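Undergrad: This is a predicted model, with the sequence first.
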Amino acid sequence: MKKFEVGHVYFDQYACDHETISTIKIIKRTPKTVVFERNGKTRRAKLYEDSNGEYIIPDHYSMACVYRAEREIHFFQRGHQLRGAE
């Protein structure tokens, strides 16, 4: 199972614009939460897991990004506009 790792950067695509991706950088983790940086702000989110590995849903609205540990970004993925923890 894929897990979030401290210092690594992960991405998700916006539901309304798949050409734009949002990134987070994991700052710290516990068995139940992660602390991440996005857009220059540090936040904490509860960890969830399914058959694909860990994921977080830091915002709670219908089209919110869902960051999955399996979506680690390997700099630099070209052709996408990055937003977040560049």
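TA: Noted; the coordinates are in hand.
Undergrad: Look at I57 and say how many residues are nearby.
TA: By other Cβ atoms under 10 Å, 14 other residues sit near I57. (Each C-beta comes from the backbone N, C-alpha and C, glycine too.)
Undergrad: Leaving out sequence neighbours, find the closest residue to it.
TA: Of all residues not flanking I57 in the chain, V66 sits nearest, at 5.3 Å (Cβ to Cβ, 6 or more residues apart in numbering).
Undergrad: wait, what's in contact with the one you found?
TA: Residues in contact with V66 (Cβ atoms under 8 Å, 6 or more residues apart in numbering) are 12, 55-57.
Undergrad: mind checking how far it is from Y55?
TA: 6 Å (Cβ to Cβ, to the nearest Å).
Undergrad: for G40, same thing?
TA: Distance from G40 to Y55, counting by Cβ to Cβ: 23 Å.
Undergrad: ok, the two, which is more surrounded?
TA: Per other Cβ under 10 Å, whichever of G40 and Y55 has more neighbours is Y55, with 20 against 7.
Undergrad: circling back: got a markdown table for the contacts of V66, with secondary structure too?
TA: A markdown table is the format used below for these (DSSP: H, G, I helix; E, B strand; the rest coil):
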| residue | secondary structure |
| --- | --- |
| D12 | strand |
| Y55 | strand |
| I56 | strand |
| I57 | coil |
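Undergrad: what's the closest of those residues to V34?
TA: Distances from V34 to the contacts of V66, taken as Cβ to Cβ, are shortest for I56 (6.1 Å).
Undergrad: My guess is the closest one contacts V34. True?
TA: Yes - applying Cβ atoms under 8 Å as the test, I56 and V34 come out as touching, 6.1 Å apart.
Undergrad: joint contacts of the two?
TA: In contact with both I56 and V34: 4, 45, 47, using Cβ under 8 Å, 6+ apart.
Undergrad: For the first one, give me phi and psi.
TA: Torsion angles at F4 (phi, psi; degrees, to the nearest 10) stand at phi -70, psi 140.
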